[in-house]
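*Asks:* A structural model of the following input is requested.
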Amino acid sequence: MTKAIFLDRDGVINDGSLYYTYKIEDFRFNDGLFEGLKMLRDAGFIFVVITNQAGVAKGLYTDDDVKKLHSYMCDELKKQGIDIAAVYYCPHYPEISGPCECRKPGTLLIEQAIKQFDIDREKSFLIGDGSRDIEAATRAGITGIKIEKNESIVPYCKKILAL
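*Replies:* Predicted structure coming up:
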């Protein structure tokens, strides 16, 4: 079985100061991200991004905008020697598109990744900056690690490696 690090996008991977980040020119990697992910990569973890993107349902940007941004993000991480196994996103917003199980704290996207990559829940972690992230991790049987928005993940990566 595979051990994985699930990552929220906005506020963990990139600067989450803008409420909706969908333009490449607005995407900024957070300090410490590359260093932390390299440590975890070297310890044998794979990386899966799980992100809510309600701006699609709200008509603020399109699925294509999200896919272009994720392609850019993955390409830039690859330049740093970091491979993202998959990016899953929820384009829904309950007040517009109705309830769904893919929007965190729902676990559908996490469950899809677990099945696709044969992920060991007990050896995997989700790093997020919101209570929805941690609730989703708990509901999926994964250890959730809450950070402050835009905080370096390096100290948390070191704690994971010390376990």
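*Asks:* now the helices for the protein?
*Replies:* Counting by DSSP state H, the chain has these helices, from start to end: 33-42, 63-79, 94-97, 108-117, 131-140, 154-162.
*Asks:* and the angle for the last one with helix 33-42?
*Replies:* Using axes from the mean of the first three to the mean of the last three CA atoms, to 10 degrees, the interaxial angle of helix 154-162 with respect to helix 33-42 works out to 10 degrees.
*Asks:* where does pLDDT dip in this structure?
*Replies:* Scanning the chain for pLDDT under 70 picks out nothing.
*Asks:* give me the distance between stretch 19-28 and the centre of its chain.
*Replies:* For stretch 19-28, the separation from the chain centroid amounts to 15 Å (computed by CA atoms, centre = their mean, to the nearest Å).
*Asks:* before we move on, the earlier item: closest to residue 24 out of the helices of the chain?
*Replies:* helix 63-79 (5.0 Å; CB to CB). C-betas here are computed from N, CA, C, even on glycine.
*Asks:* who's in contact with that closest one?
*Replies:* 9, 13-14, 21-24, 27, 29, 34, 37, 49, 53, 56, 83-84, 87, 89, 91 (CB atoms under 8 Å, 6 or more residues apart in numbering).
*Asks:* can you check stretch 4-15 too?
*Replies:* Contacts of stretch 4-15 (CB under 8 Å, 6+ apart): 16, 21, 27-30, 33, 37, 40, 45-51, 73, 85, 89, 104, 110, 113, 117, 119-120, 124-130, 133, 137, 142, 147, 149-150, 153, 160.
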